[in-house]
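K.L.:
Quick check, what structure comes out for this input:
(chains A and B)
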Amino acid sequence: MTMRSTLTLVGDNTIPGNKIPEKLQKLIPTIIKRCRDFGLDFYEPVIEKLTFDEMSEIASYGGFPIRYPHYSFGMEYEELSKGYEYGFSKIFELVINTNPSYLYCLDSNSILEDVLVISHAIGHSHFFKNNIFFAPTNENMMNIMANHAMRIEKYMSRWGQDNVTDFIDYVLRIETLIDYKSAWSKRSIKDVIVSDKRTYRNPRRLPVEKDFMDSWVNTKDYIKKEHERIEKEDAAEYLNLFNKPTKDIFGYLKDHAPLKPWQQDIISMLYEESLYFAPQRMTKVCNEGFASWVDHKLMSAEGLVSLGQDGDDVGIVEYALHKTAVLGGKYSMNPYNMGYQLLMDIEKRWNEGRFGSEYENCKNMKEKLEWDKKLGLGKEKVFEVAKYYDDLTLIMEFFTEEFSREHEFFEWKKYGDEYKIASRDFKAIKNKLLDRHTNSGLPDIRLVDPNHKNKRWFLLEHNYTGQPLFEPWIAHVMNAIYAIWDNNVILTTQKNDKEVVYVCNGVDEKDVHIFNREEYDGIN
Amino acid sequence: MLVAFLLVVQLIMTKRIKKDHKKFLDIVSNKLNQGTKKLVDTGRIFRMRGKDGDIAINLPRIITPRFVHGESDKEGIGSGQGNKGDVVGRKPGKGKAGQESVDGINVVVDLEFVLRFLQDELELPNLQPRDLNVFEDIKYRYNSISIVGPDSLRHVRATMKQAMKRLAATNQLDQLHPITGMKDQMRLIIPEKRDFRYRQYKEIKIPSSNALICFARDCSGSMDDNKCEIVSDISWWIDCWIKRFYERVETCYFVHDSIALEVNDDKFYKYRHGGGTVCSTALDLITKQFENRFPPKNWNIYVFYFGDGENWDIADNNKFCKILKDKFGPIVNLFGMVQVLSDNYETSLKKHVDVSIKSGSLDSEYFRTASVGDGNYAYNGTLVERDEAVKSAIKAILGKGKTK
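P.N.:
Okay, here's the model as predicted:
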């Protein structure tokens, strides 16, 4: 009905009683135009005004109006709506990665807050559209989520609500055990085998310059070994054997676990949703930082702050107050603030030319302090960062010693009941930050062998990097994998710097047993 | 049409999360019962007065377990000023004694739910209104039968029934009568004048359920903040309890030092004034209210007095007991007296009242006394003890025993 190029406003007719105020409605085209002029490239926005109750509902569903029925959304709702009622927290806006991008504003926002959150959300939308980590995500997720909800509801009415909810519970526990790279890989649909012909490959002979050398270089032994290797590889491929450790445990279970058709369908749907939400986990600092940078630029540098304002201060005080509240937090690590400050720093450095070997190798401190080549590349660089970086690479490349010193980063440790500053050592701080963002801050657990000991045991390995696993939850997750895989699950990890092995042979917490490495080897 | 469709859409939208929310509450309801029981058992509930009577009960969150790093709260990164070794934070929930950590989510339960728990736990009986002979409303319903009345109210069915009874009794029921114009003879029932029955109205009296709660307390200099807090805790819960049984409840607040004043609830909980203490003045002032404002024949009267047991002289203690006996004895449903953190029991007001109750001049069914923390200690350290004392005081005042 509406043309793709025009702005659609659904806020005033889909939900009765929540009209966009006339004053704001007049301003919206201006805001959109100014955003485009600034260079932002975003999905066409659909702006809706929601009451806090609706906002809590949509936020607890992760930004979507319809999700499958599950009590965890109910808990989230309880928390969010109570948080608003008691005044602890407030969600000003919510924007999701779809095309068109839906942009929900709280109906109690003032005009300035609305202008601010719209430009902030458009920053997010630009990030969603351009960042390479979001490239494989589906633009049409709103409908897909609704379809998932419908299908799961259908299974619930067919197979019983509790059965389906229990299964979803199990699947949600392994939600994070995915390999995000697999989103880029082509979806493999197994071809139907029409003729069962086997193709043989011959070993590659090593090239020689003179013919007489051949029997010396490509010896009979070598050819025989190569033959054997190729035969094994072919056989493994033919029998669909597992050949290398993978992080994509969820995906492997989806493809290979012995499940009923409805379980198969549910696990595939949840896998798709998990892949959809993964880049948001990976780019939290970057995404929030960029959106905060955009609203700062638009509001203060481009002057959007005065839109619809008639006071003497043209809204700058209210804007500053809002910004302090969002970016504030004494001593704590605020992802909004960190990303925002990093991007501001990048902009400044590239404006003044403080990069490259010439600057790095400059020994004269005075010269270094007053360094200004007037390059003006800042904005361009920030847009580049928004396009190609995620949290890990952003921190790895742009968290410099100067930045750490300027923003007074420190490392704290817990002594008794108190948290104290432990050091201001740059290397330690940066390592810790990188640790936190590697693998989205989750432990690196790989599937090593799905047919362990030839008994179809599921062998997992935790790639230990100094941080142990959270003990109370290990059993629950292993139970979930047991329930899906329907055979024993084994996890090797380290605890107190000693190798331990968890073995799970049931769906109850009691069925998880812990062994020392030696004990375990002795049993088998 | 469009509007109807949109309304349906809205209905579905709001219903969706409500379902999940209800499912969540079902899952936690078991824990909710346990949580409430624990709070009531320890008496901690009496310190938790919510706005509008809502009480928030802390429940553990249900988090989906995943493989995550442990010990994440042992070290981390922050930013801000400070030198090495400066304290930048403390573990939450280890501040004041008795405060529990705030992990988890707060689920609000309504007061009725908590009061039901209180009733079970403290074995509180239901309050019985007095037979006041005062009615809220008298309604008329035609639900009875009379032998006299106007023709317009004649009850045909009852009349015919009566006629049949009469015929059966005189053995004429099967008698056949010839009817003009018809071939066969038929049985006939013809009512006579004495058979006629008429509809009659009845009065339905709806008994009034008015209750008057009077709270009075000592506001002399000796009533410090500790005492006032305990008074406000106890009186709030008593108020809630009584409101549960009556439709219309009036609450009056009185404070006194050497003279008595009527105040609003806000002042009642906060007002402090140095001065002498003449306890009987409060009772005098309450008695005055009965003359015109709240005639005792129309009201169920509950009076509660809080003090620390100090009084100006012995003579006033006697006067206090005399007023209780003469003025309050015939009219109150319940008189409760709570002595808070009293210095010395032997010379206190409660001792006097207790003696009167024991000697039988005051009826122990309608006059109850309780004390919280005799011996002047302020519960600074151990709120557990305070909770226990408040719980037993409420049990002593509202507990078993017949009330008027």
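K.L.:
Measure how buried residue 340 is and give me the count.
P.N.:
No chain specified, so I'll use chain A. Around residue A:340 there are 24 other residues, counting by other C-beta atoms under 10 Å in any protein chain shown. In short, each C-beta sits where N, CA and C put it, glycine included.
K.L.:
hmm, I had chain B in mind actually
P.N.:
If you count neighbours by other C-beta under 10 Å, residue B:340 ends up with 26.
K.L.:
One more: residue B:149?
P.N.:
By other C-beta under 10 Å, 15 other residues sit near residue B:149.
K.L.:
okay but it is in contact with residue B:199, surely?
P.N.:
Yes: contact status for residue B:149 versus residue B:199: in contact at 6.9 Å, counting by C-beta atoms under 8 Å.
K.L.:
Would you work out how far apart the start and end of stretch B:353-364 are?
P.N.:
With C-alpha to C-alpha, to the nearest Å as the measure, stretch B:353-364 spans 10 Å from end to end.
K.L.:
Now do it: everything it contacts.
P.N.:
B:320-321, B:324-325, B:329, B:337, B:367, B:369, B:401 (C-beta atoms under 8 Å, 6 or more residues apart in numbering or on different chains).
K.L.:
Just those residues: which are in helices?
P.N.:
Of the positions in those, B:320-321 sit in helices, assigned by DSSP state H.
K.L.:
Residues in contact with the helix or strand hosting residue A:285: which ones?
P.N.:
Element membership for residue A:285 (DSSP states H and E) is helix A:284-296. Residues from elsewhere that reach helix A:284-296 (C-beta under 8 Å, 6+ apart): A:38, A:40, A:116-117, A:119-124, A:126-127, A:131, A:280, A:323, A:326-327, A:335-344, A:347, A:382, A:385-386, A:389-391, A:394-395, A:437.
K.L.:
you'd agree residue A:146 is in a helix?
P.N.:
Yes: the assignment for residue A:146 by DSSP: H, G, I helix; E, B strand; the rest coil puts it in a helix.
K.L.:
correct me, but it touches residue A:66?
P.N.:
Yes: Residue A:146 is within contact range of residue A:66, at 4.3 Å (criterion: C-beta under 8 Å).
K.L.:
what's around residue A:206, how many residues?
P.N.:
Neighbours around residue A:206, by other C-beta under 10 Å: 11.
K.L.:
circling back to that earlier point, just want the angle from the helix or strand following the helix holding residue A:285 to helix A:284-296.
P.N.:
Following helix A:284-296 in sequence order, the next helix or strand is helix A:316-327 (DSSP H and E). Computed by axes from the mean of the first three to the mean of the last three C-alpha atoms, to 10 degrees, the angle separating helix A:316-327 from helix A:284-296 equals 180 degrees.
K.L.:
coming back round to it: sort out which of the contacts of helix A:284-296 are buried, if you could.
P.N.:
A:38, A:40, A:116-117, A:119-124, A:126-127, A:131, A:280, A:323, A:326-327, A:336-344, A:347, A:382, A:385-386, A:389-391, A:394-395, A:437 (16 or more other C-beta atoms under 10 Å in any protein chain shown).
K.L.:
so what's the residue nearest the centre of chain B up against?
P.N.:
By C-alpha atoms, centre = their mean, the mean C-alpha position of chain B lies nearest to residue B:241, the distance being 2.2 Å. Residue B:241 makes contact with B:115, B:118, B:124, B:127, B:398, according to C-beta under 8 Å, 6+ apart.
K.L.:
and residue B:309, how many neighbours does it have?
P.N.:
27.
K.L.:
For it, which non-adjacent residue is spatially closest?
P.N.:
residue B:348 (3.0 Å; C-beta to C-beta, 6 or more residues apart in numbering or on different chains).
K.L.:
which stretches of the chain have low pLDDT?
P.N.:
Using chain A here. A:1-18, A:186-200, A:240, A:524 (pLDDT under 70).
K.L.:
let's do chain B instead
P.N.:
Filtered on pLDDT under 70, chain B yields the residue ranges B:1-15, B:49-54, B:72-73, B:91-105, B:132, B:343-346, B:374-382, B:401-404.
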